[in-house]
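[1] I would like to see how this sequence folds:
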Amino acid sequence: MADLHGEVRVRGVTAPVDASFIDILESADSLIGVQGHVEARYGPWGGFVDGTYLKQGVQDIAAGPTTLDVKTELVLMEFGALYRLGEWRSAVGSAIRGPRGSLGWRSIAMRAVA
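    As a prediction, this is how the structure comes out:
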């Protein structure tokens, strides 16, 4: 669950920002989240891709003497190769071998509203 905590500085004025997930839900003009996992196997070999996407827009978050409109977007991707070590009755053992990587991207836009 996403929340906003920290400080914001606009034209030399610093103000605390403290918005819980519930605060964001109540004032959100957009809140989209998607997460997925895809896995493919061929014999003992396989590969996977995990993806996460979050987009949220919040209006009128109190920040000291002003309010903020905040829009944030987050994209995370992870991928890798698998090799099945063996099967034992109801358990399967796999090892992640070979290429594995992660990609991430985040965009935040804030606008102070007088």
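
[2] From now on I want contacts and neighbour counts done on CA atoms only, so please keep to that.
    Noted.

[3] in the protein, which helix or strand is least confident?
    Here the helix or strand of the chain ranked lowest by mean pLDDT, DSSP states H and E is strand 91-113, holding a mean of 70.

[4] Give me the mean pLDDT for stretch 73-81.
    Mean pLDDT, computed over stretch 73-81, is 87.

[5] So which bits of it are buried?
    By neighbour count on 16 or more other C-alpha atoms under 10 Å, the buried set for stretch 73-81 is 73, 75, 77, 79, 80, 81.

[6] among those, which are in strands?
    73, 75, 77, 79, 80, 81 (DSSP state E).

[7] where's residue 73 relative to residue 26, distance?
    Going from residue 73 to residue 26 by C-alpha to C-alpha, to the nearest Å gives 19 Å.

[8] my guess is residue 79 meets residue 46, correct?
    No: with contacts counted by C-alpha atoms under 8 Å, residue 79 stays clear of residue 46, the gap being 11.1 Å.
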